[in-house]
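> Structure for the following, please:
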Amino acid sequence: MPPALTLKHISSLTFGLPYLSTTSGVRSSRQLLAALPAKPSPKHQAVPQVAIQATKGSEAWIEAVYSDMKKLRVDTGSEMTVEQLFRKIEAPAKALRLKEEGI
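Model prediction:
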């Protein structure tokens, strides 16, 4: 499992998951969902709102809303690994963190 997401700059995550699909993309989405903290802790002061929607067929996606109100929708696809999914969701949050730090 990849290291923790930069949660400070992620306002919400919505997971669109089919009930019975076992594709690697859906498994990766579920692994990412399981890795999210349920409540704030000293390590994760800001925890995003998380929602789950049931989807039809094998359609799976994740929509992230960042602190600057920009949205990113990632179609997890049938072959997406958890590391690829992590990188796609992490990139905008990391850019916001670097901007905040003045780098």
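> Please report the distance of residue 95 from residue 33.
For residue 95, the distance to residue 33 (Cβ to Cβ, to the nearest Å) stands at 23 Å. Every C-beta, even on glycine, is put in place using the N, C-alpha and C of the backbone.
> Sorry, wrong one. I was asking about residue 25.
From residue 25 across to residue 33, the span is 13 Å (Cβ to Cβ).
> Could you check which of those two has the larger neighbour count?
Counting neighbours by other Cβ atoms under 10 Å for residue 25 and for residue 33 shows that residue 25 has the greater number, 24 against 14.
> what's the closest non-adjacent residue to the more buried one?
Leaving aside its sequence neighbours, residue 25 sits nearest to residue 76 (Cβ to Cβ, 6 or more residues apart in numbering; 3.6 Å).
> For that neighbour, grab the count of nearby residues.
By other Cβ under 10 Å, 29 other residues sit near residue 76.
> What are the buried residues along the longest helix belonging to the chain?
Secondary structure assigned by DSSP state H gives helix 82-101 as the longest helix of the chain. When burial is assessed from 16 or more other Cβ atoms under 10 Å, helix 82-101 yields the following buried residues: 82, 84-86, 89-90, 92-93, 96.
> Just the CA trace of that helix, in PDB.
The C-alpha trace of helix 82-101 is given here as PDB (Å, rounded to 0.1, in the frame of the first residue of the first chain):
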ATOM      1  CA  VAL A  82      -3.600   1.000  -6.300                       C
ATOM      2  CA  GLU A  83      -0.300   2.800  -6.900                       C
ATOM      3  CA  GLN A  84      -1.500   4.300 -10.100                       C
ATOM      4  CA  LEU A  85      -4.700   5.400  -8.500                       C
ATOM      5  CA  PHE A  86      -2.800   6.900  -5.600                       C
ATOM      6  CA  ARG A  87      -0.500   8.900  -7.900                       C
ATOM      7  CA  LYS A  88      -3.500  10.300  -9.900                       C
ATOM      8  CA  ILE A  89      -5.300  11.500  -6.800                       C
ATOM      9  CA  GLU A  90      -2.200  12.600  -4.900                       C
ATOM     10  CA  ALA A  91      -0.700  14.800  -7.700                       C
ATOM     11  CA  PRO A  92      -3.100  17.800  -7.400                       C
ATOM     12  CA  ALA A  93      -3.000  17.600  -3.600                       C
ATOM     13  CA  LYS A  94       0.800  17.600  -3.600                       C
ATOM     14  CA  ALA A  95       0.800  20.600  -6.000                       C
ATOM     15  CA  LEU A  96      -1.400  22.500  -3.600                       C
ATOM     16  CA  ARG A  97       0.800  21.600  -0.600                       C
ATOM     17  CA  LEU A  98       3.900  22.800  -2.500                       C
ATOM     18  CA  LYS A  99       2.200  26.000  -3.500                       C
ATOM     19  CA  GLU A 100       1.200  26.600   0.100                       C
ATOM     20  CA  GLU A 101       4.800  26.000   1.200                       C
END
